[in-house]
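Sequence and predicted model, in that order:
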Amino acid sequence: MADQDDYFAHHKGEPFRFKERKEERGWWRAAFESFAYLPPFNRMFGKVEPSYAESYWYCMGGLTFLSFLFLTITGVILTLFGPPWWLHTHIGIVMKSIHYWSAQAFFFFIFLHVVRVWLTGAYRGKRWINYAIGLTTLFLAFGENLFGVLARGDWESQFVAMHSNYMLFGLPLLRLIAPSNFTQVMLVHVAFIPFTLLVLIGVHITLVKLQGIARPL
Ligand code: HEM
C-alpha cells in the first residue's frame, strides 16, 4: 500500500505519461493501467464548470444531444432493415418505437434547453451566433419530424402525405418534393437533414466549448 501511495504522491498533479509509466511499471502493467489513469479525450471533459452551470437546467442541451444520438443509432438500424421489417416484425416495431420516443425526448429536452437559454439570457454578445445556429437546428428538426412521419408508411403517414401535398408541398421550391415518393422522402429524412443537423450540432457544441458557459442574468 505504502508503495502505491508513494507512487501516486510522486505523480500528483502530473500527467501520467505512458513512457514514464512504462519505465516504472513495465510495458504490460502500464498498458493495462492506461484505462484507469489516462484522462479520456485528452481531458476534454475534465474542465471544471462554474457552479451555476451545475443545475439540471444546464443539462438540457446535453440531454438533447443524447436523444439525437439515440435517434441516429435507431434510425440507421431502421434504414438498414427497411419498412416491412419496422412495420410487421416484433423487433422492428420495438425499434421503431424507440426511434419515435427518442424523437419525443429530443423535442422535450430541446424545448427545456431553449427555456433555460432564454431565461438565463445566454444569447447575449457574440453568443447570438450560437443562438441562431440553435434556432436553425430547431426548425430543421421540425422538418425532420415531418419527413419521419412521411417515411413511416402506415395509414397516418399516408394521410399526412395527402394533406401536406396540397398545403406545404404546393409552395415554390418545396414543390420539387412529392410526399408520396418514398425514395425522395427517405433521402431527405436519412441523408439531407440529418447530416446538416450533425454539422450544425457539432458547430454549436464546439462554440459552447470555445466561448464557455454564459453567466446567467
Ligand atoms: C440539437 C439541438 C441542440 C443541442 C444538441 C444543443 C446543445 C447544447 C449544449 C450541450 C450546450 C451547453 C450548455 C447547456 O447544455 O445548457 C448548449 C448551449 C447553448 N445553446 Fe444549445 N443545443 C441545441 C439547440 C439549441 C437551440 C434551439 C438554441 C436556441 C434557440 C440553443 C442555444 C444555445 C445557446 C445560446 C447556448 C450557449 C449557452 C451559454 O453559454 O450559457 N441551442 N447547447
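Now that the structure is in, tell me what you want to look at. Model, not experiment: these values are computed from the prediction.

Now the strand or helix carrying K19: buried residues?
Using DSSP states H and E, the element containing K19 is helix 18-25. Within helix 18-25, the residues that count as buried by 16 or more other C-beta atoms under 10 Å are R21. C-beta: built from backbone N, CA, C; applies to glycine.

how near is the residue nearest the centre of the chain to the ligand?
Compute the mean C-alpha point of the chain, and by C-alpha atoms, centre = their mean the closest residue is F65, 2.8 Å away. Separation of F65 from the ligand (C-beta to the nearest ligand atom, to the nearest Å): 4 Å.

Would you check that that residue makes contact with I205?
Yes - the criterion here is C-beta atoms under 8 Å, and F65 meets it with I205 at 7.0 Å.

how does the chain divide up, domain by domain?
Domain ranges of the chain: 1-54, 58-211, per automatic domain parsing.

just the ones you listed: most buried one?
domain 58-211 (a mean of 16; mean count of other C-beta atoms under 10 Å).

Work out the gap between the helix ranked longest in the chain and the centre of the chain.
Looking across the chain with DSSP state H, the single longest helix is helix 90-119. Put simply, helix 90-119 sits 11 Å off its chain's centre (C-alpha atoms, centre = their mean, to the nearest Å).

by contact count, what packs against that helix?
helix 60-81, helix 83-88, helix 128-152 (3 or more C-beta pairs under 8 Å, 6 or more residues apart in numbering; DSSP states H and E).

now that helix and helix 60-81, what's the angle there?
Between helix 90-119 and helix 60-81, the angle comes out at 150 degrees (axes from the mean of the first three to the mean of the last three C-alpha atoms, to 10 degrees).

The chain against the ligand: which residues are in contact?
The chain comes close to the ligand at residues 58, 60-62, 64-65, 68, 110, 113-114, 116-117, 122-123, 127, 130-131, 134-135, 137-138, 201, 204-205, 208, 213-214, as judged by C-beta under 6 Å from any ligand atom.

Mind checking what helix or strand follows the helix or strand where V185 lies in sequence?
Element membership for V185, per DSSP H and E: helix 182-187. Later in the chain than helix 182-187, the nearest helix or strand by DSSP H and E is helix 193-211.

What helices and strands are in contact with that next one?
Judged by 3+ C-beta pairs under 8 Å, 6+ apart, the packing partners of helix 193-211 are helix 60-81, helix 128-152.
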